[in-house]
Structures are given as structure tokens and as C-alpha cells.
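Participant: Need a 3D model of the sequence below.
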Amino acid sequence: MHVQYCVLRNPMFVKLKASNVHSLDVPDEDHIHASASVNMGTEGLTLHLLEALVSHPVLTFALLVAALLSTWWYIRDSYEVDTFSLKQKGAADLASSASPRLKTLILDVTDSESIRRARRFVSKEVGERGLWGLVNNAGRSTPIGPLEWMHLEDFTKVLEVNLMGVIEVTLQFLPLLKKGRGRLVNVSSVLGRLAIIGGGYCPSKWGVEAFSDSLRRDMQQFGVKVSIIEPGFFRTNLTRLGPIEADLRRLWTRLPQEVKDSYGVTYLDEYLKCQDFSMRILASPRIATVTRCMEKAVSARFPRTRYTAGWDAALLWLPLSYCPSFVCDFVLRLLLPPPAAHTL
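Facilitator: Have a look, this model is predicted:
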């Protein structure tokens, strides 16, 4: 399930300012004694409370935790969020498990009318305040595999969602973001830094990186902050091995016999085994790592330009992207089987 997020308002923090009150009336003696008694009573109550807190550390700790949880809950529910999902079930699941301030709407990022309808819905919600945050998170991965196995439409299927969808949604919502001096968060991938697989996925993420960098510089003068999230491999619908393997078999079956012979009759099975082995090691189940980056990018006073999510992204793919090309090629060659007609 892939969702877009619109944060309508930033958390509301109210500052209370005491007014200065000046009076020329001189209090009489009874008023002075009464005020002194009240002050002494208040001081005595404060001393008793302090003594109780100091003598009962467990109670003090419990009250502190309760205060922190209350503050966190208040900040959490002070957001108004619209969530766009492609499927009705996904929207219903989100609505049932989140804050009552969450509102959901079906959105297809490849349909211009669906995007305009979502923009009208959000515009009505935010009014003159403008939009505080937009998170572009919709995406697809397949078809992926050796580039020689691809047709042009295999690229366009992915690019329409991962790149063109991001661009069109952003352009439609940009006036609302400028009005609210808000945040735009585009979920790219560490594969937008290092192309390790064939197909449209890596080109689409490189495009998201370039689009986001250009937009960040354009919007700086208007107070709009643009951040990129670069996750590694996580166990989501994008990395489910079943659909990926089924699509690879589809690509293989339509190949001309000459191309199949150049790879060898066992190549597909070996490729699937290597892919399964790599994915089981690299794909993390801790998806909250990514959502925490989204939260920071939307709520931080000074959000980062880029957030890296996942141990593999931070320790493997990102450092590898800075290495010389021959080093990258050597490491990536170890992850997949060689074709039968290879010359190295």
C-alpha cells in the first residue's frame, strides 16, 4: 500500500503573555493581612508538594512520564492530516488506526483529474492558511531485471508513478505550500544514488533526486523547505519476492531464443536465488525507520536536505556510491550470477 500525506496545519503552540496591570488604589490593612495569609498558605502548599515529590521518587517519575506522554499526545493530535491512498481498503485501515483528525481520499497519481480533485479537497480544508506539508510516497518497483529484457512500456509503467506522478502532484499542490510556507518531502531511494538494478525504478528515483534538488533551490526564497528521504531495502509491497519473481518469469518467457541462449538455460533460476538471498539479508522489517524520517522532515524547525533510512543504505549503498566506478561494478557483480556467454 502506497500513500501520500498532506499535513494541513503545523502543531499549535500557544504562548500566554501576562498583562501588566497598574493600580493607584492603596490597599487597607485588612486587605494586606488577607493577602499575606493567602501567600503564606500558597507557599506552605508548595513546600508540602515539593517534600512529597522528593520523598517519593517513584511517584515523581510516574508524574514526569505522564506529563511527557500527555505532551507527546497533544502534539501528535495537533496535526490535521489528509492521507491519499490508491485503494479503499488501505484508506479504511489508516482511518481506523490513526487519530480522528486524519482524513482519507482515494488518489491515483497517474490520473490528472484524480490529482486535481485531491487538490480541491485539500484547498477547501486549509483555506487561507495554506498547506503545511506534502509527502510524496506513492511508488512501484516492477518490472525490474536486466535491461536487455525490457520493452519501452516497462519503463513508462514505473516512471509514470515514481517520477511523473511526483512531479504532477507537487506542481498541483505547490501554490498551497507557498501560501503556508510549508514542507515538501519526496520519498526517493538510495537507488537514486546508486543504480544496482535494471528497469525503470532507478531512473525514476534519480529523477526524483534531481527534481527535488532543483525545486528546493527555487522554493528557498518563498520559505518552502524541500527534503528527500532515501530508504534502503525494507519489507514492503515493493520488495515482495512473489510478484517480483512472477514478473521476471514473464520477462524471460517473451525473450527471443537467441537472447535466452546468451544467458544460459539456468540463468533465471540462479538470478532468482541470488535475489532471494540478497533480499532476505538486506530487507529490514523496521518500516518505522522511514516514517520517523517523514515525521522529522515535516516537523523539524530546520529539516535536513536528505534523510537516509535503513542500515544497508547508511553502511553499504551510500558509501559505495562515493567509490570509483570500478569498485561499484566489482561489488555489484558479486551479487548476481554471470550469464553463460560472459567474457570476463
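
Participant: List the residues that contact the residue nearest the centre of the chain.
Facilitator: With distances taken as Cα atoms, centre = their mean, residue 294 lies nearest the centre of the chain, 3.6 Å away. Counting by Cβ atoms under 8 Å, 6 or more residues apart in numbering, residue 294 touches 5, 135, 137, 185, 187, 229. C-beta here means a position set from N, CA and C on the backbone, and glycine is covered the same way.

Participant: Residue 274 too?
Facilitator: By Cβ under 8 Å, 6+ apart, residue 274 lies in contact with 335-337.

Participant: got a winner among those for most neighbours?
Facilitator: Of all the contacts of residue 274, the most densely surrounded is residue 337 (18 neighbours; neighbours counted as other Cβ atoms under 10 Å).

Participant: Specify the local secondary structure of that residue.
Facilitator: Under DSSP: H, G, I helix; E, B strand; the rest coil, residue 337 falls in the coil class.

Participant: Check residue 186 too.
Facilitator: strand.

Participant: picking up where we left off before, can you pull the buried residues of the one helix or strand the residue nearest to the centre of the chain maps to?
Facilitator: Counting by DSSP states H and E, the element that carries residue 294 is helix 288-299. For helix 288-299, a neighbour-count test (16 or more other Cβ atoms under 10 Å) marks 289-290, 293-295, 297-299 as buried.

Participant: is it possible to export these to a markdown table including distance to residue 315 and pLDDT?
Facilitator: Formatted as a markdown table, those follow (distance: Cβ to Cβ, whole Å; pLDDT from 0 to 100):
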| residue | distance to residue 315 | pLDDT |
| --- | --- | --- |
| 289 | 13 | 94 |
| 290 | 16 | 95 |
| 293 | 16 | 95 |
| 294 | 21 | 95 |
| 295 | 23 | 94 |
| 297 | 22 | 96 |
| 298 | 26 | 95 |
| 299 | 27 | 93 |
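
Participant: Return the closest of the residues you listed with respect to residue 211.
Facilitator: Lowest distance from residue 211 to the buried residues of helix 288-299 (Cβ to Cβ) belongs to residue 297, with 16.2 Å.

Participant: partners of the spatially closest residue to that closest one that is not a sequence neighbour in the sheet?
Facilitator: Spatial nearest neighbour of residue 297, chain neighbours left out: residue 227 (4.0 Å); criterion: Cβ to Cβ, 6 or more residues apart in numbering. On the basis of DSSP bridges, residue 227 is bridged to residue 185.

Participant: Quick check, residue 187 in contact with residue 234.
Facilitator: No: the pair residue 187 / residue 234 is not scored as a contact, 11.2 Å apart, by Cβ atoms under 8 Å.

Participant: Tell me which of the two has more neighbours.
Facilitator: Neighbour count, other Cβ under 10 Å: between residue 187 and residue 234, residue 187 has more, with 27 against 20.

Participant: ok, that one - contacts?
Facilitator: Residue 187 neighbours (Cβ under 8 Å, 6+ apart): 135-137, 139, 228-229, 231, 290, 294.

Participant: follow-up on the earlier one: can you lay out the buried residues of helix 288-299 as a markdown table showing distance to residue 166?
Facilitator: As requested, those are arranged in a markdown table below (distance: Cβ to Cβ, whole Å):
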| residue | distance to residue 166 |
| --- | --- |
| 289 | 21 |
| 290 | 16 |
| 293 | 17 |
| 294 | 15 |
| 295 | 20 |
| 297 | 15 |
| 298 | 17 |
| 299 | 21 |
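
Participant: Can you show me the strands along the stretch 51-200 of the chain?
Facilitator: 80-85, 102-106, 133-136, 183-187 (DSSP state E, counting those that start in this stretch).

Participant: Repeat that for the stretch 201-344 of the chain.
Facilitator: 225-231, 306-309.

Participant: and of those strands, who's closest to residue 144?
Facilitator: Closest among the strands of the stretch 201-344 of the chain, using Cβ to Cβ: strand 225-231, at 16.0 Å.

Participant: mind listing what's buried in stretch 328-343?
Facilitator: Within stretch 328-343, the residues that qualify as buried by neighbour count (16+ other Cβ under 10 Å) are 328, 336-337, 339.

Participant: Please apply the same query to stretch 164-176.
Facilitator: Neighbour-count burial for stretch 164-176, counted by 16+ other Cβ under 10 Å, picks out 164-170, 172-174, 176.

Participant: and residue 177, what is it in contact with?
Facilitator: 130-131, 134, 183-184, 219, 224.

Participant: lowest-confidence helix or strand of this structure?
Facilitator: strand 80-85 (a mean of 48; mean pLDDT, DSSP states H and E).

Participant: Buried residues, stretch 267-283. List them.
Facilitator: So stretch 267-283, judged by 16+ other Cβ under 10 Å, has buried residues 267-268, 271-272, 275, 282-283.

Participant: Could you do stretch 232-241 as well?
Facilitator: Buried positions in stretch 232-241, judged by neighbour count with 16+ other Cβ under 10 Å: 232-234, 236, 238.

Participant: Endpoint to endpoint, it covers what distance?
Facilitator: End-to-end distance of stretch 232-241: 16 Å, with Cα to Cα, to the nearest Å as the criterion.
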